[in-house]
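Peer 1: let me see the structure of the following:
(2 chains)
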Amino acid sequence: MKEYIVTGKKDTRSGFGDGLYEAGKQNPAVVAMTADLLPSLKMEKFAAEFPERFVECGIAEANMVGAAAGLSLTGKIPFIGSFAEFVTGRVYDQVRQEVAYGHTNVKIASSHAGITLGEDGATHQTMEDVALMRALPGMVVINPCDYNQTKAATIAAAEYVGPVYLRFGRPSVPIFTPADQKFEIGKAIVLEEGTDVTIFATGHLVWEALQACKALEEQGISAEIIDIATIKPLDEEAVLASALKTKAVVVAEEHSMHGGLGELIAGVLARKAPTPMEFVNGGDKFGQSGSPAELMKAYGLDADHIVEAAKKAIARK
Amino acid sequence: MSTVQELTRTASQIRRDIVRMVCEAGSGHPGGSLSSTDVMTALYFHVMKHDPANWSRSGKDADVFVLSAGHLAPVYYATLSRAGYFPPAELGTLRKFGTRLQGHPCVETGLPGVFQPSGSLGQGLSAAIGFALGKKMDGEKNYVFSLLGDGESEEGQIWEAAIFAAHHKLDNLIAFTDWNGQQIDGAVENVGGLGDLADKWSAFGWNVIVVDDGHDFEKILAAFDIAKASVGKPSMILLKTEMGHGVDFMAGTHKWHGKAPSAEQRDAALAQLEETLGDY
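Peer 2: Below is the predicted model of the structure:
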């Protein structure tokens, strides 16, 4: 497998903050809004540089969603930022009515997604958000894997016309994708070509999938690693091509077993190319307090679990 | 800009439209539509700066109206149509398969004049706030209006919006409440216990204007003049109205919130409402 040069470690939310600042520099229509989580969302640079385009909404997420929808109709490109749970579960109806059904150009900046939010515990950890957002007609769902990809995805979300759900996280994770990449919405990224099994991964699990790839290689197993940075619209062509080639599939995501990337890919393959599949996800459980690393291990969201899943999938061929 | 006499005639026709539309659809919301007919007529035929022939969803260089109480679709559609946004003949399609006049307003069908979907209560005021914010950012002088129900004001999001609009000094935002005192399960005071709305909105930092007869055009127009002059505060016009106003057997009761009249009841209602502009 390729050599991945890790240029450092950073949280993906910092990629969002820096991407937002870049998008704001490029386009004066970009507006940032938050519900009392300015530093958590890494919006400080944007707010300092463009104070007239930064809107503090206070702890009132429902109003923030509606206000963003109205604002977008005047030609602005609002990014509304909060924790993943509070911009999805808490305001699902507002997002449905005002953003999705309203077809408004609102970008939902969803930080601290998944279990790796860590110590705050399950009230703040959502593993249901992708299911909620991907059920909405027309909603684009993006879940980048590292700082660089998140920054590029943020710039791409600003350029795209239509509702976008952009999901990122709190913990520091290795930076291994190119700094100068252009993010293409709806395009899967083949990181490693392989022949025995395909591992589709999204978000923080992409790095874990690469570690699993190395471990599998040492055991003589050739894994194909595909980064599904855009969950919706799914790059069905890439999914089918790889599944037909390797004939065994693993899907790894920091999300519940319900309604995430796993079920999405299972649906595609069930219709077009039934393939043995295994799933690495957070199951049907709430999270709990702990360090991100402890939680990833406890909930079976690490490289070791991906390796086991890959072997199981291959055995079922 | 219509005179009070013309507004009275237009409102009578809009009430006829509402009764006929809801009867033909077999479902819908006549009660609140009839109580808010006068303020909606005043808004679209006198108060608002708008150009139906050149309407765009951006609301650029025009006043904007967002209906927050989406179930008032019958009065909304009839008013838009009579104001020139689309032909009145289309009113007869309300709630029928394939119509642009969905049970609650939407934008997917491309009905001119509709800026945002509404129906899930408590949300339209926030969308109006977004418009008001955008116009402020662009240095545009136009106003943004929004109609709320009093029952709708039990929604928590209304008060999130109230705090936000006052905090951001959105004096280009003029909301108005159809304070008819009725909701599905009965009188508002027995269901949601809102108390004195004037005290509440004042406490939230709004410029509050109470209209003691929300069916009196002189008073309605005077209230909008006061609201437009507000500096540094958003305005809330509270209109004391009567549910089902204009049709004696629908008046003053929650029972006509969401019920369609039979053909017989329709005829009895129409006998009380003068046809002034020609039925669709």
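Peer 1: can you give me the strands in the stretch 1-150 of chain A?
Peer 2: Using DSSP state E, counting those that start in this stretch, the strands of the stretch 1-150 of chain A run over A:9-11, A:30-34, A:54-56, A:77-83, A:107-111, A:140-142.
Peer 1: ok, for residue A:311, nearest residue in space, not its chain neighbours?
Peer 2: residue A:221 (7.4 Å; C-beta to C-beta, 6 or more residues apart in numbering or on different chains). For the C-beta atoms, the positions are set from N, CA and C on the backbone; glycine is no exception.
Peer 1: gap between that neighbour and chain B?
Peer 2: Residue A:221 is 49 Å from chain B, where distance means C-beta to the nearest C-beta, to the nearest Å.
Peer 1: kindly report the same for residue A:22.
Peer 2: 21 Å.
Peer 1: so how far is residue B:145 from that residue?
Peer 2: When C-beta to C-beta, to the nearest Å is the yardstick, residue A:22 and residue B:145 sit 37 Å from each other.
Peer 1: quick one: which of these two has more around it?
Peer 2: residue B:145 (27 against 18; other C-beta atoms under 10 Å in any protein chain shown).
Peer 1: which SS state does that one fall under?
Peer 2: strand (DSSP: H, G, I helix; E, B strand; the rest coil).
Peer 1: send me the helix ranked longest in chain B as CSV with only the CA atoms.
Peer 2: As assigned by DSSP state H, the longest helix anywhere in chain B is helix B:4-25. The C-alpha trace of helix B:4-25 is given here as CSV (Å, rounded to 0.1, in the frame of the first residue of the first chain):
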residue,chain,number,x,y,z
VAL,B,4,-61.0,52.0,3.0
GLN,B,5,-64.1,51.7,0.9
GLU,B,6,-62.3,49.6,-1.7
LEU,B,7,-60.6,47.5,1.0
THR,B,8,-64.1,46.7,2.4
ARG,B,9,-65.3,45.5,-1.0
THR,B,10,-62.1,43.5,-1.6
ALA,B,11,-62.4,41.8,1.8
SER,B,12,-66.0,40.8,1.1
GLN,B,13,-64.9,39.1,-2.1
ILE,B,14,-62.0,37.4,-0.4
ARG,B,15,-64.3,36.0,2.3
ARG,B,16,-66.6,34.7,-0.5
ASP,B,17,-63.5,33.1,-2.1
ILE,B,18,-62.5,31.5,1.2
VAL,B,19,-65.9,29.9,1.8
ARG,B,20,-66.2,28.6,-1.7
MET,B,21,-62.7,27.3,-1.8
VAL,B,22,-62.9,25.4,1.5
CYS,B,23,-66.3,24.0,0.6
GLU,B,24,-65.1,22.7,-2.7
ALA,B,25,-62.0,21.2,-1.2
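Peer 1: buried residues in it, which are they?
Peer 2: By neighbour count on 16 or more other C-beta atoms under 10 Å in any protein chain shown, the buried set for helix B:4-25 is B:7-25.
Peer 1: residues contacting the nearest residue to residue B:138 once chain neighbours are set aside?
Peer 2: Leaving out its chain neighbours, the residue that sits closest to residue B:138 by C-beta to C-beta, 6+ apart is residue A:74, at 6.8 Å. Shown in contact with residue A:74 (C-beta atoms under 8 Å, 6 or more residues apart in numbering or on different chains): B:58-60, B:130-131, B:134-135, B:137-138.
Peer 1: same check, this time on residue B:189
Peer 2: residue B:181.
Peer 1: give me the distance between it and residue B:42.
Peer 2: Taking C-beta to C-beta, one finds residue B:189 at 27 Å from residue B:42.
Peer 1: for chain B, what spans make up the strands?
Peer 2: Taking DSSP state E as the criterion, chain B carries its strands at B:64-67, B:144-149, B:173-179, B:182-183, B:186-187, B:207-211, B:235-240.
Peer 1: so which of those strands is nearest residue B:266?
Peer 2: Proximity to residue B:266 (C-beta to C-beta) singles out strand B:182-183 among the strands of chain B, at 20.9 Å.
Peer 1: low pLDDT regions in chain A?
Peer 2: Filtered on pLDDT under 70, chain A yields no residues whatsoever.
Peer 1: now residue A:18: how far from residue A:239?
Peer 2: In terms of C-beta to C-beta, residue A:18 sits 30 Å off from residue A:239.
Peer 1: which of the two has more residues huddled nearby?
Peer 2: residue A:239 (24 against 20).
Peer 1: how near is the more buried one to residue B:77?
Peer 2: Residue A:239 is 45 Å from residue B:77, by C-beta to C-beta.
Peer 1: can you tell me how far the residue nearest in space to the middle of chain A is from chain B?
Peer 2: Nearest residue to the geometric centre of chain A (C-alpha atoms, centre = their mean): residue A:143, 1.5 Å. In this view, residue A:143 and chain B are 27 Å apart by C-beta to the nearest C-beta.
Peer 1: go on, residue A:259?
Peer 2: 22 Å.
Peer 1: ok, and the closest non-adjacent residue to that residue?
Peer 2: Here the residue nearest residue A:259, using C-beta to C-beta, 6+ apart, is residue A:131, at 2.5 Å.
Peer 1: before we move on, what about residue B:62?
Peer 2: Residue B:62 sits nearest to residue B:50 (C-beta to C-beta, 6+ apart), 5.1 Å away.
Peer 1: now do the same contact list for the one you found.
Peer 2: B:44, B:62-63, B:83.
Peer 1: so what pLDDT did it get?
Peer 2: You'll see residue B:50 listed with a pLDDT of 98.
Peer 1: output the contacting helices and strands for the longest helix of chain B.
Peer 2: helix B:30-35, helix B:37-42, helix B:73-83, helix B:217-228, helix B:263-270 (3 or more C-beta pairs under 8 Å, 6 or more residues apart in numbering or on different chains; DSSP states H and E).
Peer 1: one step back: now the residue nearest to residue A:311, what's its secondary structure?
Peer 2: coil.
Peer 1: is it in contact with residue A:313, as I believe?
Peer 2: No: between residue A:221 and residue A:313 there is no contact under C-beta atoms under 8 Å: 10.6 Å.
Peer 1: rewinding a little: let's see which of the contacts of residue B:50 end up in helices.
Peer 2: residue B:83.
Peer 1: out of the contacts of residue B:50, who has the most neighbours?
Peer 2: residue B:44 (26 neighbours).
Peer 1: hmm, that one is touching residue B:85, no?
Peer 2: No: the criterion here is C-beta under 8 Å, and residue B:44 misses it with residue B:85 at 9.1 Å.
Peer 1: okay, now the nearest residue to residue A:45 once chain neighbours are set aside: neighbour count?
Peer 2: Spatial nearest neighbour of residue A:45, excluding adjacent residues (C-beta to C-beta, 6+ apart): residue A:21 at 4.6 Å. For residue A:21, the tally of surrounding residues (other C-beta under 10 Å) stands at 24.
Peer 1: show me the contacts for residue A:21.
Peer 2: With contact set as C-beta under 8 Å, 6+ apart, residue A:21 has these partners: A:45-46, A:49.
Peer 1: let's see that with 10 Å instead.
Peer 2: A:30, A:32, A:42-50, A:151, A:154-155 (C-beta atoms under 10 Å, 6 or more residues apart in numbering or on different chains).
Peer 1: now render these as a markdown table, adding neighbour count.
Peer 2: Formatted as a markdown table, these follow (neighbours: other C-beta atoms under 10 Å in any protein chain shown):
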| residue | neighbour count |
| --- | --- |
| A:30 | 23 |
| A:32 | 27 |
| A:42 | 24 |
| A:43 | 26 |
| A:44 | 13 |
| A:45 | 15 |
| A:46 | 27 |
| A:47 | 21 |
| A:48 | 10 |
| A:49 | 12 |
| A:50 | 17 |
| A:151 | 28 |
| A:154 | 29 |
| A:155 | 21 |
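Peer 1: quick one: which of those residues sit in helices?
Peer 2: Using DSSP H, the contacts of residue A:21 in helices are A:44-49, A:151, A:154-155.
Peer 1: tell me the one of these nearest residue B:245?
Peer 2: Using C-beta to C-beta, these come closest to residue B:245 at residue A:47, 48.5 Å.
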